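1. Here is my input, please return the structure:
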Amino acid sequence: MNHKREKTRNKHQRVKRKSPMMLTKPRFSKKMNKVLAPATLAVLLTACASGPVSVGTQLQEDQDYIFFRAGAGDSYETIAQRYYGSAALSGKIREVNKDNAPVAGEVVAIPKRVLNPSGVYPDGYRTIPILCYHRFTSNTTSTDRLDLPAEQFRRQLQYLADNGYYVISLNELDQYMLGNREIPEKSVVLTIDDGYKSVYTTAYPLFKAFNVPATLFVYTDFIGATLGLRWDELKEMQQSGFVDIQSHSKSHTSLAVPPEQDINFAEEIRHQIRYPRALINQKLHKDSVIFSYPYGDSSDHAIEELVEQGIKMSVTVQQGGNPAFANPYLLKRTMIYADDTIDTFAEKLDVFHQEDLK
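-> As a prediction, the model looks like this:
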């Protein structure tokens, strides 16, 4: 009796000791099997039966997909880092492959093109939250909601890194809205308003340390003020590639339509939009193509002027995420305050709107 048990156990052990160097049959999702060209699928299946092969290398490629032979220790995150430059884009690979994790020797399909430009699914749609900061402080606590302690900001950036968020530049957001890029599973944009000195002294070093981009909206009358940034500091940040300088108007004047319908209002809007753009171009040798409404106040007059001037996007301070089909001139932004805990910060990362769209 014991001899039979031992024989059976040894039989199972022999099955489990299958060589990891054998290429296993591809296990793509049903959707993926439908889109694979028969010839490509035949090549892959032939390779699966061809005996021992090296793993962790590229196997085949066509116009839509790269087929990668997973190695020991490979995950969708490591493969996304290798082919897309960011582990946070692993969801795009996971979506077309059947399993939660690739097996050594298994073929993994890596999409080369945009598969779902709208980000819309049967149960809802992906959104991109744009976070809005103002000032930073080296103090450990703050009595002003807009003064975010440096350590608190560091913990927020660490949370994004630890939880697989892909920080994209606001300047690239239109590419997602035009369908040229696919909205990642978890993406976020970082922005700062006004142009306080603490952006340079406190936030800028953290952007470099975490290797994340941010957009700084400045109102140009504040540049050179006691608490404001200088042009040389703005130039350094712009040239670093970590901070993109854009316009927040000339004097932080609301662009909402006044109750009295001032006849000079249209001219004031033009001045508030055109003057800082020209000055930023002159001082930093760059075109400012994104606008942040002072106080988040917009109007039809302001949007018309922005469109006429070739501004491609503008942002409010209305909380929420932005789907691919959002109005580019009324993009939502979520304010981050000093009294936000890491839990409330996480709740503000609105990356998917749940809705039955079947």
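
2. pLDDT weak spots in the stretch 201-350 of the chain?
-> 259-263 (pLDDT under 70).

3. If we use 90, what do you get?
-> For the stretch 201-350 of the chain, applying pLDDT under 90 flags the ranges 257-266.

4. do the stretch 51-200 of the chain as well
-> Checking the stretch 51-200 of the chain against pLDDT under 90 turns up 51-64, 68-73, 77, 85-92, 94-107, 113-115, 140-143, 179-182.

5. Now do the strands in it.
-> 57-61, 65-69, 107-111, 120-121, 124-126, 128-133, 135-137, 147-149, 166-167, 187-194 (DSSP state E, counting those that start in this stretch).

6. Any idea which of the ones you listed gets closest to L229?
-> In this view, the strands of the stretch 51-200 of the chain are compared for proximity to L229 by CB to CB, and strand 187-194 is the closest at 9.3 Å. From N, CA and C alone the C-beta is placed, and that goes for glycine too.

7. Let's verify the nearest residue to T220 once chain neighbours are set aside: helix, strand, or coil?
-> Spatially, and ignoring its direct neighbours in sequence, T220 is nearest to P276 (4.3 Å; CB to CB, 6 or more residues apart in numbering). Classification of P276 using DSSP: H, G, I helix; E, B strand; the rest coil returns helix.

8. hang on, P276 packs against F217?
-> No - in this structure, P276 is not within contact of F217 by CB atoms under 8 Å, at 9.8 Å.

9. Could you chop the chain up by domain?
-> By the assignment in automatic domain parsing, the chain contains the domains 17-111, 121-354.

10. Present these as TSV; the columns should include mean neighbour count.
-> Formatted as TSV, the domains of the chain follow (neighbours: other CB atoms under 10 Å):
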stretch	mean neighbour count
domain 17-111	16
domain 121-354	18
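
11. what would the strands of the stretch 51-200 of the chain look like in TSV with distance to S251?
-> TSV is the format used below for the strands of the stretch 51-200 of the chain (distance: least, CB to CB, whole Å):
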stretch	distance to S251
strand 57-61	55
strand 65-69	52
strand 107-111	47
strand 120-121	41
strand 124-126	37
strand 128-133	20
strand 135-137	19
strand 147-149	23
strand 166-167	31
strand 187-194	12
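
12. quick one: which of those is nearest E268?
-> Closest to E268 of these, according to CB to CB: strand 187-194, at 19.7 Å.

13. So what are the sheet partners of the closest one and their directions?
-> Sheet pairing for strand 187-194, assigned by DSSP bridges, gives strand 128-133 (parallel), strand 166-167 (parallel), strand 214-218 (parallel).

14. got a list of contacts for the last one?
-> Counting by CB atoms under 8 Å, 6 or more residues apart in numbering, the neighbours of strand 214-218 from elsewhere in the structure are 169-171, 189-195, 199, 203, 207, 229, 234, 237, 242-248, 276, 280, 290-292, 315.

15. What's the first helix or strand after it?
-> helix 231-240 (DSSP states H and E).

16. Just name whatever secondary elements that following helix is in contact with.
-> helix 204-210, strand 214-218, strand 243-247, helix 265-284 (3 or more CB pairs under 8 Å, 6 or more residues apart in numbering; DSSP states H and E).

17. Can you check what angle separates the longest one from strand 243-247?
-> Using axes from the mean of the first three to the mean of the last three CA atoms, to 10 degrees, the interaxial angle of helix 265-284 with respect to strand 243-247 works out to 150 degrees.

18. what's helix 265-284 packed up against?
-> helix 231-240, strand 243-247, helix 300-308.

19. Select, out of these, the one closest to I223.
-> Across these, closest to I223 is helix 231-240 (CB to CB), at 6.2 Å.

20. So what touches that closest one?
-> 195, 197, 199-200, 204, 208, 216, 218, 223-224, 243-245, 283-284, 286.

21. Which members of these define the maximum pairwise distance?
-> K208 and G224 (24.0 Å).

22. I'd say M313 and Q175 touch.
-> No - applying CB under 8 Å, one finds M313 not in contact with Q175, separated by 11.1 Å.

23. Any chance you could list residues touching both of P276 and F217?
-> S247, H248.

24. Turn the helices and strands packed on helix 265-284 into CSV, including distance to F136.
-> Formatted as CSV, the helices and strands packed on helix 265-284 follow (distance: least, CB to CB, whole Å):
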stretch, distance to F136
helix 231-240, 14
strand 243-247, 13
helix 300-308, 29
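
25. Which one, of those, ends up nearest to R113?
-> Among these, strand 243-247 sits nearest to R113 (CB to CB), with 27.1 Å.

26. coming back round to it: what about the helices and strands packed on helix 265-284, which gets the closest to I336?
-> Taking these one by one with CB to CB, strand 243-247 is closest: 16.8 Å.

27. Tell me which residues touch the closest residue to N171 other than its chain neighbours, please.
-> Leaving out its chain neighbours, the residue that sits closest to N171 by CB to CB, 6+ apart is D244, at 5.4 Å. If you count contacts by CB under 8 Å, 6+ apart, D244 has them with S169, L170, N171, P213, A214, T215, L216, Q238.

28. What's the separation between N100 and S75?
-> N100 sits 10 Å away from S75, going by CB to CB, to the nearest Å.

29. Return the closest of the contacts of D244 with respect to L331.
-> Closest to L331, out of all of the contacts of D244 and judged by CB to CB, is L170, at 8.7 Å.

30. correct me, but that closest one touches V188?
-> No - because the distance of 10.6 Å does not satisfy CB under 8 Å, L170 is recorded as not touching V188.

31. what residues are shared contacts of those two?
-> Common neighbours of L170 and V188 (CB under 8 Å, 6+ apart) are I130.
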